[in-house]
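Sharing a model that was predicted from the sequence below.
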There are 2 protein chains.
Amino acid sequence: MEPTAVTYIPSAYREVDEARLHDIIKTHSFATLIVTHNNVPHISHVPLLFDKDSNTLRGHLARVNPIAKLDRNQVHNAVAIFHGPNAYITPSWYESKKTTTKVVPTWNYIVVHVQGKLRIETNPEWIYSNVSSLSDTHEEAIGGHWKLTDAPESYVKLMTKAIVGIELNIESILGNFKLSQEKKSDDFAGVLSGLKDAVKSDSTPNPSGSQGIAEWMERTQA
Amino acid sequence: MEPTAVTYIPSAYREVDEARLHDIIKTHSFATLIVTHNNVPHISHVPLLFDKDSNTLRGHLARVNPIAKLDRNQVHNAVAIFHGPNAYITPSWYESKKTTTKVVPTWNYIVVHVQGKLRIETNPEWIYSNVSSLSDTHEEAIGGHWKLTDAPESYVKLMTKAIVGIELNIESILGNFKLSQEKKSDDFAGVLSGLKDAVKSDSTPNPSGSQGIAEWMERTQA
């Protein structure tokens, strides 16, 4: 079978725990969607909803989006990338900096690649149901109360006419969790406290990335 | 000419201001790199340094990375995606929610697609210079002082042997700055204050995204 996408994940960083993979997909749901056609990547940035029962990702795109205009009678190889936190790791944080000095910088990050077959859906009821689920999910996340039924039905119909649904049937979920897990325990501990200190002292240009990496380092080592 | 990548950017969101585009590339430098080969996207996540003088992006990959193994005598169509902030926008924030009720949710975000030709560089001096610039840039950003010369020369040589350099010659920079700029001024103001309130009251699952979007909404409207 032709691969949907090719990516390099060193075995030390390959995450296979389903709960962790699903967590990233749900909490970082604004994905980079890539559909390759005639050797050219078609790229969109779109929130996708994971449905465990059907093993799919669902969302929608503007009808004028080139991905929405691909052959609707076919399914297309697609990959959706979910971006977790990322942070620069200075070698100063490694205990080995003081002993062997054999240290170099790196970048810790979490990404999840969901690969599968994408189909384009034009059924108005499917689309309505999808946008309704999408707003319910994200309203709940921010503690909001807006519902699709709060808008005039005719207006919602007009809006949904301008979009198509997309459904990605999942074939594989690849997690790249690069979290210093291959380091000696002293060096690992140094990175963890370095990240936390940087957040506390506001000395990182990317506090949410640093904090996110620190939290995941603790979580995956627990 | 065959396009390097295809992406849909509504004209209202297309950012052309060079300073803003370069700002995102520099402050969100951990990029998604896509090189398509035989109709399959090869995807890596890698920090890239922008060099304005040579109009290139530079970085490095593990030698075992499939992108590093592509034909080194050729250049390859590539796109590097830089991910700015993103945030869910609830219709509750629009002034129109109270009047016409003709409102639906959306997602605000900033992404920059840099397209061009990628070449693979194996010259050890080029690679040394690149990793040195990379650590200098990011050490400065976090207020650190580590230098490549702090590590034993033999160790650094060993490390750099395991990587190849990559240089992307930039052909285009496409900015998608979706920041409610097409909305009526009352609705725009409502989104802006909604985002700020959500950050302040800790009622957003993605405070850095909400804050980043709010800052860019103010900056691009100023």
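That came in fine, so what should we check first?

tell me which strands and helices the helix or strand harbouring A:Val46 is in contact with?
Per DSSP states H and E, A:Val46 falls inside strand A:40-47. The helices and strands touching strand A:40-47, judged by 3 or more C-beta pairs under 8 Å, 6 or more residues apart in numbering or on different chains; DSSP states H and E, are strand A:30-37, strand A:56-62, strand B:6-7, strand B:30-37, strand B:76-89, strand B:106-121. No exception for glycine: its C-beta is placed from N, CA and C like everyone else's.

and for it, what are the contacting residues?
Outside strand A:40-47, the residues within contact range by C-beta atoms under 8 Å, 6 or more residues apart in numbering or on different chains are A:29-36, A:59-61, A:65-67, A:70, A:134, A:138, A:166, B:2-8, B:34, B:36, B:41, B:77, B:79, B:81, B:86, B:88, B:107, B:109, B:111, B:113, B:176.

With mean pLDDT and distance to B:Glu171 added, can I get the helices and strands packed on strand A:40-47 in a markdown table?
Formatted as a markdown table, these follow (pLDDT from 0 to 100; distance: least, C-beta to C-beta, whole Å):
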| stretch | mean pLDDT | distance to B:Glu171 |
| --- | --- | --- |
| strand A:30-37 | 97 | 19 |
| strand A:56-62 | 98 | 25 |
| strand B:6-7 | 96 | 14 |
| strand B:30-37 | 97 | 14 |
| strand B:76-89 | 98 | 9 |
| strand B:106-121 | 98 | 4 |
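
ok so, going back, spell out which strands sit alongside the strand holding A:Val46 in the sheet and which way each one runs.
Strand A:40-47 has the following strand partners under DSSP bridges: strand A:30-37 (antiparallel), strand B:6-7 (parallel).

out of those strands, nearest to B:Ser210?
strand A:30-37 (12.3 Å; C-beta to C-beta).

Would you mind writing the CA trace of that closest one as CSV?
As requested, the backbone C-alpha atoms of strand A:30-37 are provided in CSV (Å, rounded to 0.1, in the frame of the first residue of the first chain):
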residue,chain,number,x,y,z
PHE,A,30,-6.9,23.1,15.3
ALA,A,31,-5.1,20.8,12.7
THR,A,32,-3.0,21.2,9.7
LEU,A,33,-4.7,19.2,7.0
ILE,A,34,-2.7,18.0,4.0
VAL,A,35,-4.1,16.3,0.9
THR,A,36,-1.6,15.6,-1.8
HIS,A,37,-2.9,15.7,-5.4
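
quick one: contacts of that strand?
So strand A:30-37 is contacted by A:5, A:41-48, A:57, A:59, A:67, A:70, A:76-83, A:114, A:118, A:166, B:6, B:32, B:34, B:36, B:39-41, B:43, B:81, B:83, B:86, B:107, B:109 (C-beta under 8 Å, 6+ apart).

quick one: that strand to chain centroid distance?
Its chain's C-alpha centre and that of strand A:30-37 lie 11 Å apart, by C-alpha atoms, centre = their mean, to the nearest Å.

Between strand B:76-89 and it, find me the angle.
140 degrees (axes from the mean of the first three to the mean of the last three C-alpha atoms, to 10 degrees).

ok, now how distant is the spatially most central residue of chain A from chain B?
Closest residue to the average C-alpha location of chain A: A:Phe82 at 1.2 Å, with C-alpha atoms, centre = their mean. Distance, A:Phe82 to chain B, by C-beta to the nearest C-beta, to the nearest Å: 11 Å.

need the longest helix for chain A.
The residue-count maximum for a helix in chain A (DSSP state H) belongs to helix A:124-141.

Next, see if it gets close to chain B.
Yes: for helix A:124-141 and chain B, the contact criterion (C-beta under 8 Å from any C-beta of the partner chain) is met by A:131, A:134-135, A:138-139, A:141.

relative to strand B:106-121, how tilted is that helix?
Angle, helix A:124-141 to strand B:106-121, by the same axes, to 10 degrees: 90 degrees.

Which strands and helices lie in contact with helix A:124-141?
Applying 3+ C-beta pairs under 8 Å, 6+ apart, one finds that helix A:124-141 makes contact with strand A:49-51, strand A:56-62, helix A:153-161, strand A:163-178.

again, 6 Å this time
On a contact count with 3 or more C-beta pairs under 6 Å, 6 or more residues apart in numbering or on different chains; DSSP states H and E, helix A:124-141 meets strand A:163-178.

Check which residues of the strand it packs on are buried.
Under the neighbour-count criterion of 16 or more other C-beta atoms under 10 Å in any protein chain shown, strand A:163-178 has A:163-168, A:170-171, A:173-178 buried.

ok, so of these, who is nearest B:Ser92?
Checking the buried residues of strand A:163-178 one by one against B:Ser92 (C-beta to C-beta), the nearest turns out to be A:Ile163, at 21.2 Å.

measure the closest one to chain B for me?
The value you get for A:Ile163 to chain B, if C-beta to the nearest C-beta is used, is 10 Å.

Which residue, other than its chain neighbours, is closest to that residue?
A:His60 (4.5 Å; C-beta to C-beta, 6 or more residues apart in numbering or on different chains).
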